[in-house]
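In: starting from these lines, generate the structure:
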Amino acid sequence: MYLFTSERLGFRNWQDRDMKPFAAMNADPKVLEFFPSLLSEDQSNASVHRFKDHFSEQGFTFFAVDTLNDQAFIGFIGLYRISFESFFTPGIEIGWRLAKGVWGKGYATEGALTCLAFAFERLGERQIYSFTALQNKRSERVMQKIGMERIGEFDHPKVPAESGLRKHVLYKIEKTAS
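Out: Just a heads-up that it's a prediction; the model follows:
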């Protein structure tokens, strides 16, 4: 069922049963606090379809994540080809979005470390990026915990300037020689 696991999490491709809980997450103002707007159910479902297509084309995606103890879907953690042009693209980003009820348990850090290992060891990637709105200190803290280095800021071209969330912090990690 899982493509790979960490101590407490299972990483897999998306299934139709994930759409309802994912749409509920994307309608939660706390979960999408640092996004320009909440997502409708149709927008959320379109995201799932994009993630599934990305997996089919690339062999990785923002993976659906379950807790192993109960197989409960908690959100996504994974890797995605950056879909816009900037001074650091082309590249692959690592990202996460978890249901509010599981915050503070270390899942984002644990899952991101597992996905970095997957990127470096199984995909052969040399560097991975992560970015978030400047205001999103929780996600920035995860980037720091997984060993990423802050390399700058940029205006995210897909975020409307009037949202106040366009300015993003940029982090990078490179595979260490082994």
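In: the longest strand in this structure is where?
Out: When the chain is parsed with DSSP state E, its longest strand is strand 72-81.
In: and the next helix or strand after that one with strand 72-81, angle?
Out: Using DSSP states H and E, the helix or strand that follows strand 72-81 in sequence is strand 92-98. Interaxial angle, strand 92-98 versus strand 72-81 (axes from the mean of the first three to the mean of the last three CA atoms, to 10 degrees): 160 degrees.
In: from here on, call the first residue 56.
Out: All right, first residue 56 from here; so that's strand 147-153.
In: show me what strand 147-153 is in contact with.
Out: Outside of strand 147-153, the residues within contact range by CB atoms under 8 Å, 6 or more residues apart in numbering are 80, 86, 117, 120, 129-137, 162-163, 166-167, 170-171, 174, 180, 183-186, 194, 197, 201. Backbone N, C-alpha and C define where each C-beta goes, glycine included.
In: filter these down to the buried ones, PyMOL style.
Out: The buried residues among these can be selected in PyMOL (16 or more other CB atoms under 10 Å) with this line:
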select buried, resi 80+86+117+120+129+130+131+132+133+134+135+162+163+166+167+170+171+174+180+183+184+185+186+194+197+201
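In: how about the longest helix anywhere in the chain: buried residues?
Out: Ranked by number of residues, the top helix in the chain under DSSP state H is helix 96-113. By neighbour count on 16+ other CB under 10 Å, the buried set for helix 96-113 is Ser99, Asn100, Ser102, Val103, Phe106, Lys107, His109, Phe110.
In: by contact count, what packs against that helix?
Out: helix 74-81, strand 117-122, strand 127-136 (3 or more CB pairs under 8 Å, 6 or more residues apart in numbering; DSSP states H and E).
In: could you dump the last one to PDB, C-alpha only?
Out: Output of strand 127-136 as PDB, limited to C-alpha atoms (Å, rounded to 0.1, in the frame of the first residue of the first chain):
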ATOM      1  CA  ALA A 127      -5.800   7.800   8.800                       C
ATOM      2  CA  PHE A 128      -5.200  10.300   6.000                       C
ATOM      3  CA  ILE A 129      -3.600  13.400   7.500                       C
ATOM      4  CA  GLY A 130      -2.600  15.500   4.400                       C
ATOM      5  CA  PHE A 131       0.400  15.600   2.200                       C
ATOM      6  CA  ILE A 132       4.200  15.700   2.400                       C
ATOM      7  CA  GLY A 133       6.400  15.300  -0.700                       C
ATOM      8  CA  LEU A 134       8.200  16.600  -3.700                       C
ATOM      9  CA  TYR A 135       7.000  18.500  -6.700                       C
ATOM     10  CA  ARG A 136       8.600  20.100  -9.800                       C
END
